[in-house]
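Structure for this input, please:
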Amino acid sequence: MNVAFLGLGKFGQAIASLVEYNGGTYDFAEPSRKPLLSQHADMLFLTLPTQFVRTAIMANGEFISDETIIVNCSKGIEEGTHLMVNQIVRSLGRYPNYYSLIGPSFAEGIVAKDPTVVSLGYKKEAHVKTICKLLETPYFKIEPSKGYRALELASALKNLYAITCGYAQGLGLGPNTRVRIITMALDEFTVLAKAMHFADYDVLAHGVVGDLVLTCSSELSRNFQYGLGLAKGDSDLGGHTVEGYYTSHSINQIAFEHKVKLPLAELTSNIIAGKVKDIAAFQEFLVQ
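Numbering: from 1, shown residues only. Next up is the predicted model:
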């Protein structure tokens, strides 16, 4: 089986290390240094920022076919189109063997062989065992989960809410406030998932609550770090891809289209846009 990666940054390398652990080899394309694959991909991992998924797939179209098993690991919403990764892929061609690997899994933890469990969202169960065999190790386990749309929604929203948590910590607010934000975030995810008719969503999935708690609680998260900076008046992205920043440009439009209110998401978008200056009002919002 020819295994390939689109994107081989820190997270791509971490997932690739699982392939190597199980005796596999892989090809890769990396926009900044090796833009094209070398051969047809039987299994393709998307491990690059969501904002680059479209161009990377288009550039490597000759190496991807209807038979290719696509495993998405990217977490975010495309700026401008307001599309999640499964929607981006669907807009580019007929790729029926699509899966999403989503869960609480910092690259550093995978490389360090910390015990980790993630969700694998699927529509077709046919290739689940193949993916698990390729990636599972004594320290990295996969929990199959029917449906990938809700997982991808959760993975995008958690980046947005991690910014809020970082912002709160930067203001000097402690763990009590962080938990308040996380519970509000789970409520808003549920509201939006229902409005989008994602009948298979599960807030207890590793790719939902697990990923949210990890990203909202650790300074290893770029989104959390960005929130810390905002609290200090620093809105510079530092040359990094901060997925929650891009999600903030889409989430209000998505909520509007589905006729729901997401007050915490809207507040976070305003924080990112520099429209929130009253710290007392922020605290009051969290206890209303």
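
G274 is in contact with S235, isn't it?
Yes: between G274 and S235 a contact is recorded at 6.6 Å, counting by Cβ atoms under 8 Å. Where you see a C-beta, it was placed from the backbone N, CA and C, and this is true even at glycine.

Between the two, which has more neighbouring residues?
S235 (13 against 10; other Cβ atoms under 10 Å).

Report the central residue of this protein.
K75 (2.1 Å; Cα atoms, centre = their mean).

Tell me the confidence at it?
You'll see K75 listed with a pLDDT of 96.

check contacts around it.
50, 102, 152, 155-156, 158-159, 243 (Cβ atoms under 8 Å, 6 or more residues apart in numbering).

Okay, and which of these map to helices?
152, 155-156, 158-159, 243 (DSSP state H).

could these be laid out in CSV, adding pLDDT and neighbour count?
Below are these laid out as CSV (pLDDT from 0 to 100; neighbours: other Cβ atoms under 10 Å):
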residue, pLDDT, neighbour count
E152, 97, 25
S155, 97, 32
A156, 97, 26
K158, 97, 32
N159, 97, 28
E243, 96, 26
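
Just the closest of those to P31, please.
E243 (16.2 Å; Cβ to Cβ).

the helices in this protein, which residues?
10-21, 53-59, 85-92, 107-111, 128-135, 149-170, 175-195, 211-217, 222-231, 243-247, 251-257, 263-272, 279-286.

which of those helices has the lowest average pLDDT?
Among the helices of the chain, helix 279-286 scores lowest, at a mean of 86.

ok and that one relative to helix 149-170, angle-wise?
140 degrees (axes from the mean of the first three to the mean of the last three Cα atoms, to 10 degrees).

In helix 279-286, which residues are buried?
282, 286 (16 or more other Cβ atoms under 10 Å).

List the contacts of that helix.
168, 171, 173, 177, 180-181, 184, 263, 267, 271, 276.

got a list of what the residue nearest to T55 when sequence neighbours are not counted touches?
Leaving out its chain neighbours, the residue that sits closest to T55 by Cβ to Cβ, 6 or more residues apart in numbering is P31, at 7.4 Å. The contact partners of P31, taken as Cβ under 8 Å, 6+ apart, are 7, 48, 52, 55-56.

picking that back up, of the contacts of K75, which is the nearest to I88?
Nearest member of the contacts of K75 to I88, counting by Cβ to Cβ, is T50, at 7.7 Å.

Tell me how many other residues surround the closest one.
26.

Not counting sequence-adjacent ones, nearest residue to it?
G76 (3.3 Å).

Could you do A56 as well?
L6 (4.5 Å).

Dig out what the one you found forms beta bridges with.
A29, L46 (DSSP bridges).

For burial, what's the neighbour tally of L228?
Neighbour tally, L228, other Cβ under 10 Å: 20.

so which pair among the contacts of P31 is furthest apart in space?
Among these, G7 and T55 lie farthest apart (Cβ to Cβ), at 11.4 Å.

these two touch, right, Y167 and L228?
Yes: the criterion here is Cβ under 8 Å, and Y167 meets it with L228 at 7.2 Å.

Pull up the overlap in contacts between the two.
Between them, Y167 and L228 share no contacting residue, judged by Cβ under 8 Å, 6+ apart.

coming back round to it: between the helices of the chain, which one is nearest to S119?
Counting by Cβ to Cβ, and looking across all of those, nearest comes helix 149-170 at 5.8 Å.

I'd like the distance between the most far-flung residue of the chain relative to its centre and L37.
Of all residues in the chain, A280 has its C-alpha farthest from the mean position, at 31.0 Å, by Cα atoms, centre = their mean. Computed with Cβ to Cβ, to the nearest Å, the distance linking A280 and L37 is 53 Å.

since we're on V89, how many residues are nearby?
20.

Touching, it and P96? I think so.
No: V89 is beyond contact range of P96, at 10.5 Å (criterion: Cβ under 8 Å).

The contacts of K75 into JSON lines, with extra columns for distance to R222?
Formatted as JSON lines, the contacts of K75 follow (distance: Cβ to Cβ, whole Å):
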{"residue": "T50", "distance to R222": "13"}
{"residue": "I102", "distance to R222": "17"}
{"residue": "E152", "distance to R222": "19"}
{"residue": "S155", "distance to R222": "14"}
{"residue": "A156", "distance to R222": "14"}
{"residue": "K158", "distance to R222": "12"}
{"residue": "N159", "distance to R222": "9"}
{"residue": "E243", "distance to R222": "8"}
